[in-house]
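Peer 1: attaching a predicted model along with its sequence, questions to come.
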Amino acid sequence: MQIKLNHVTADYQLGSVRSPRVLQDVSLQIAPGTFTAVVGSTGAGKSSLLKVLNGLLLPKSGWAEIGDIKINSKTSRKSLKAVRKIVGMVFQFPESQLFAETVEQDISFGPLNFGASREAAHDLAIKMIRRVGLDESILQQSPFSLSGGQKRRVAIAGVLAQGPEVLALDEPTAGLDPSGKRELLSLLKQWNKSKRLTVILVTHDMETAARYADDAVVMDRGKVVYHGSVRSLFADSEKLNRWQLDVPEARRFQLKFEAVSGIRLPNVCLTEEELAAALIEVGRV
Ligand SMILES: Nc1ncnc2c1ncn2[C@@H]1O[C@H](COP(=O)(O)OP(=O)(O)OP(=O)(O)O)[C@@H](O)[C@H]1O
Ligand SMILES: [Mg+2]
């Protein structure tokens, strides 16, 4: 499922006035099966970009294309419904959207709404709860009786149950403890690789971008200023500085090591595993 944005500008209606443009002439193509991190400072337009992909914010000019569905300022509700089925959206703190009496009802809501039978929705709920790493006994519990991390997984299971081809997530690990964070990101990576789910992840955490994403989109004041591999982004300290992005720890160590020792490591290291391998290769450990 190819995603394409063509010269998209967007703004918000604020009562009777329009906000300044929050997306400015954004052109972008995201290939199916990729894992893309969307990064950039606060207010840069990352969440607004996701909303365009999901049809929640319509372009004021330009258009977006999700597969063969085109979204522009005049797109009908029917097309938007189709887009929302293809692009599953996980908002920041998605657990705040849980509403049903049981976890199962929550997960089944989307599929039933899209016309699945009760039986199919039940089977799907079991499959999805397992997919997010929870036991199916949780299906009969109230979503409100769960821990923060469990609630987040239930919310994601609900989005997955709608069978999206693209999963767009806005800061999905905010507020999770380190192991909850690692588990969720590993699941995303696993779905991305084994099910060819396209993942678009908004994050402020460069360690996450470096470890899990293949590509990065950098936004700055409503514009896409970089779209390319995560490795080339983190190779370029000058760019990171300009866009106020942190340097991942392993890369920071590498730069320091190279400056002090005068030895260049064979490649740009994004994780401690890569750093350890590179140090072994140059015979320093
Ligand atoms: N619902 C809204 N109504 C009006 N203006 C909005 C709305 N949502 C966002 N904006 C404005 O749009 C701009 C971009 O916001 P957006 O939420 O897309 O940024 P962001 O990159 O996701 O920031 P953050 O990292 O803080 O989440 C900001 O100037 C913001 O004030
Ligand atoms: Mg945001």
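Peer 2: Looks like it arrived, so ask away. Numbering: from 1, shown residues only. Ligands and ions are numbered 1, 2, ... in the order given.

Peer 1: so which bits of the protein are right by ligand 1?
Peer 2: Those residues of the chain that sit near ligand 1, judged by C-beta under 6 Å from any ligand atom, are 12, 14, 19, 22, 40, 42-48. In this view, the C-beta of every residue, glycine as well, is placed from N, C-alpha and C.

Peer 1: out of the residues you listed, which is most surrounded?
Peer 2: With neighbours set by other C-beta atoms under 10 Å, the maximum within the residues of the chain next to ligand 1 is found at residue 40, which has 25 neighbours.

Peer 1: not counting sequence-adjacent ones, nearest residue to it?
Peer 2: Taking C-beta to C-beta, 6 or more residues apart in numbering as the measure, residue 40 lies nearest to residue 219, with 3.6 Å between them; neighbours along the chain are not counted.

Peer 1: also residue 56?
Peer 2: Skipping the residues right next to it in sequence, residue 56 comes nearest to residue 89 by C-beta to C-beta, 6+ apart, at 7.5 Å.

Peer 1: that neighbour against residue 172, yeah?
Peer 2: No. Counting by C-beta atoms under 8 Å, residue 172 is not a contact partner of residue 89; they are 10.7 Å apart.

Peer 1: neighbour count winner among the two?
Peer 2: Set side by side, residue 89 and residue 172 show more neighbours around residue 172, with 25 against 21, by other C-beta under 10 Å.

Peer 1: who's in contact with that one?
Peer 2: When contacts are counted by C-beta atoms under 8 Å, 6 or more residues apart in numbering, residue 172 touches 90, 92, 94, 152, 156, 184, 188, 201.

Peer 1: over to it. Which of the three states is it?
Peer 2: coil (DSSP: H, G, I helix; E, B strand; the rest coil).

Peer 1: and the pLDDT at it?
Peer 2: Looking at residue 172, its pLDDT is 91.

Peer 1: repeat that for residue 147.
Peer 2: On the pLDDT scale, residue 147 is placed at 89.

Peer 1: mind checking how far it is from ligand 1?
Peer 2: As judged by C-beta to the nearest ligand atom, to the nearest Å, residue 147 and ligand 1 stand 25 Å apart.

Peer 1: run a quick neighbour tally on that residue.
Peer 2: Burial of residue 147 is recorded as 11 neighbouring residues (other C-beta under 10 Å).

Peer 1: sorry, back to before: name the element the residue nearest to residue 56 belongs to?
Peer 2: Secondary structure here is read from DSSP states H and E; on that basis residue 89 sits in strand 87-90.

Peer 1: then residue 280?
Peer 2: Using DSSP H and E, residue 280 sits within helix 272-281.

Peer 1: can you pull the buried residues of that helix?
Peer 2: Of all the residues in helix 272-281, those buried under the rule 16 or more other C-beta atoms under 10 Å are 274-275, 278-279.

Peer 1: and the two most separated of these?
Peer 2: When the buried residues of helix 272-281 are compared pair by pair using C-beta to C-beta, the two farthest from each other are 274 and 279, 9.8 Å apart.

Peer 1: outside of the helix ranked longest in the chain, which residues touch it?
Peer 2: Ranked by residue count and defined by DSSP state H, the top helix of the chain is helix 178-194. When contacts are taken as C-beta under 8 Å, 6+ apart, the neighbours of helix 178-194 outside the stretch itself are 33, 35, 131-133, 148-149, 152-153, 156, 160, 167, 169, 172-173, 176, 197-199, 201, 208, 211-212.

Peer 1: could you do stretch 79-96 as well?
Peer 2: For stretch 79-96, the surrounding residues in contact (C-beta under 8 Å, 6+ apart) are 1, 47, 50, 53-56, 66-67, 69-71, 97, 114, 143, 148, 151-152, 154-156, 159-160, 162-172, 174-175.
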